[in-house]
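Undergrad: Here you go, sequence then predicted model.
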Amino acid sequence: MNTTKIARKLRTRIGRFSGELSKGLCIKAQDFVSEMVYGLQAAESVLLTEIARTLEEDISIKKTEERLSRNLQRPGLGDTVQENLLRMAESHIGKDTLLIIDPSDLSKKYAQKMQYLATVRDGSEHELASGYWMLHIIGAEVDSNTMTPLYHRLWSAEAPDFTSENDEILRGIDAVGRHIGKRGIWVCDRGGDRINLFDPILERGYRFLFRLVGNRSLIFNRQTLLAEEIAQQCPCMLRKTITRIKQDKEITYDLRIGFRKVRLPTRPEQLYLLVVHGLGNVPLMLLTNEPITRSYKRLWHTLQMYFKRWSIEETIRYVKTCYDLENVRVLNYPGLQNLMPLVLAAAFFAACVLDHDARLRVMAGYVERAAKRVFGIPDFKYYALADGLRSLFSRHPGSPVTRVKEQCQDQMPLFAWDSS
């Protein structure tokens, strides 16, 4: 394979993708978006100095880094990139696509000068640390390993414009909902068990599947009971044995699954409480407005939708790891917020543009092979795609294509024989 030619074609494809991504921005901002999307792929890092090295400019790295830092603080840049990305992602979302909501953290334990640092709970260390909160929304299918990055936003509880985490989550839901309407099923873990989320989601007519904590009050048989009380008395009509890998060990679970028809005390809608015994000391409780019947197939499919929420954690880890997100050094808060949609765009290019487009699938195969994985390409192949892109661009460096000029089809020929 001619890797030089592949690297050149990839740069051109990134240029086209970045052109769509930066619609509505000024020319300088469009060039900056293209440089960042290319630089994130070529450097596999959010460090502006590393991105600057990939741009092959005839000026000092320090000057390039200062220019990137200055452009990263452009007002409205992140919002425009996010909206354009959602417009491109619309076609990847089907009627039953899972829209997985994942609030996470960006821990900056030793940072001191980053603007509006707040206290967060470090998910990997399970302790309090300085940093920022983030929200990911990712599209996924129950029976597929593909994923569609949709939304990525960073915020701080210390920022002047911060109101609440509920508002940030609803902001993300509304941003995605403006583009996909009522397609998809919203899925969230225990962090979504809030009446301030249930009310807006039901009012908007969205389908959802949220895990309950247990102390949620529900109405069952005209009685107001705690979800945990209903779960303990729920008859189980399906038994299933599953195996999960936990800390490199196979663990077998014998599951007993049942459901109850319930309502929220303040809402008239018919809801369903899916109850799963066998995963822990306390039953797993999932609240949904998706109809559940006694059909074994329906019960198992509903549970699989939630299990997909567990597997999406690998996607969050991929975004953080491949682009070295927790090593970010941007000190300015608006710059940090603008960086998140650009990182999302880099992940979207690898996961959707390269991997989903049939015309580019052959090129994606070359990129995977360029990663030179010792143990082959796993089912979750996005690490290999990211490594392959960096490998190709490091072996065949070149300036990124900032704007791909499309030939105007309506332009009249200069000479008569040009029309042939």
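TA: In hand now; what should we look at? What you are looking at is a predicted structure, and each value in this text was computed from that prediction instead of being measured.

Undergrad: ranges for the strands of the stretch 251-400 of the chain?
TA: For the stretch 251-400 of the chain, the strands defined by DSSP state E, counting those that start in this stretch occupy 271-277, 284-288.

Undergrad: of all those strands, which lies closest to Val120?
TA: Closest to Val120 of the strands of the stretch 251-400 of the chain is strand 284-288 (C-beta to C-beta; 26.2 Å). Any C-beta I mention is one placed from the backbone N, CA and C, and that applies to glycine too.

Undergrad: Report all helices and strands that the closest one contacts.
TA: With contacts taken as 3 or more C-beta pairs under 8 Å, 6 or more residues apart in numbering; DSSP states H and E, strand 284-288 sits against strand 207-211, helix 227-232, strand 271-277, helix 296-311.

Undergrad: can you rerun that using 6 Å?
TA: strand 207-211, strand 271-277 (3 or more C-beta pairs under 6 Å, 6 or more residues apart in numbering; DSSP states H and E).

Undergrad: how about low-confidence regions in the stretch 101-250 of the chain?
TA: 245, 247-248 (pLDDT under 70).

Undergrad: do you know how far the residue nearest to Leu274 when sequence neighbours are not counted is from Leu209?
TA: Leaving aside its chain neighbours, Leu274 sits nearest to Leu286 (4.2 Å; criterion: C-beta to C-beta, 6 or more residues apart in numbering). For Leu286, the distance to Leu209 equals 6 Å [C-beta to C-beta, to the nearest Å].

Undergrad: that older thread, pLDDT wise, what is the residue nearest to Leu274 at?
TA: If you check Leu286, the pLDDT there is 96.

Undergrad: same deal with Val374?
TA: pLDDT at Val374 comes out at 35.

Undergrad: for the one helix or strand Leu40 maps to, which positions count as buried?
TA: Per DSSP states H and E: Leu40 is located in helix 27-43. The neighbour-count check on helix 27-43 (16 or more other C-beta atoms under 10 Å) flags 29-43 as buried.

Undergrad: And the contacts of the helix or strand following that helix?
TA: Using DSSP H and E, the helix or strand that follows helix 27-43 towards the C-terminus is helix 48-54. Contacts of helix 48-54 with the rest of the structure, by C-beta atoms under 6 Å, 6 or more residues apart in numbering, involve 39, 42-43, 61, 64-65, 68-69.

Undergrad: Buried residues in helix 48-54, which are they?
TA: Within helix 48-54, the residues scored as buried using 16+ other C-beta under 10 Å are 48, 50-54.

Undergrad: Make TSV out of these and add pLDDT and distance to Leu85.
TA: TSV is the format used below for the buried residues of helix 48-54 (pLDDT from 0 to 100; distance: C-beta to C-beta, whole Å):
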residue	pLDDT	distance to Leu85
Leu48	95	21
Glu50	94	23
Ile51	95	19
Ala52	95	24
Arg53	93	26
Thr54	92	22
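
Undergrad: Not counting residues beside it along the chain, what's closest to Leu77?
TA: Per C-beta to C-beta, 6+ apart, closest to Leu77 is Asn338, 4.8 Å.

Undergrad: contacting residues around that neighbour?
TA: 72, 77-78.

Undergrad: Can you give the domain ranges for the chain?
TA: 3-73+333-395, 80-315 (automatic domain parsing).

Undergrad: export those to TSV and tack on distance to Val401?
TA: Below are those laid out as TSV (distance: least, C-beta to C-beta, whole Å):
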stretch	distance to Val401
domain 3-73+333-395	3
domain 80-315	18
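
Undergrad: wait, which of those is closest to Thr321?
TA: Taking C-beta to C-beta, domain 3-73+333-395 is the member of the domains of the chain nearest to Thr321, at 7.7 Å.

Undergrad: re earlier: the helix holding Leu40 packs against which elements?
TA: helix 3-21, helix 48-54, helix 333-348.

Undergrad: Let's verify Ser130: helix, strand, or coil?
TA: strand (DSSP: H, G, I helix; E, B strand; the rest coil).

Undergrad: list the contacts for it?
TA: Counting by C-beta under 6 Å, 6+ apart, Ser130 has contacts 108, 117.

Undergrad: State the distance from Lys320 to Tyr333.
TA: Going from Lys320 to Tyr333 by C-beta to C-beta gives 19 Å.

Undergrad: ok, back up a step: mind putting the helices and strands packed on strand 284-288 in JSON lines, distance to Met305 included?
TA: JSON lines is the format used below for these (distance: least, C-beta to C-beta, whole Å):
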{"stretch": "strand 207-211", "distance to Met305": "6"}
{"stretch": "strand 271-277", "distance to Met305": "10"}
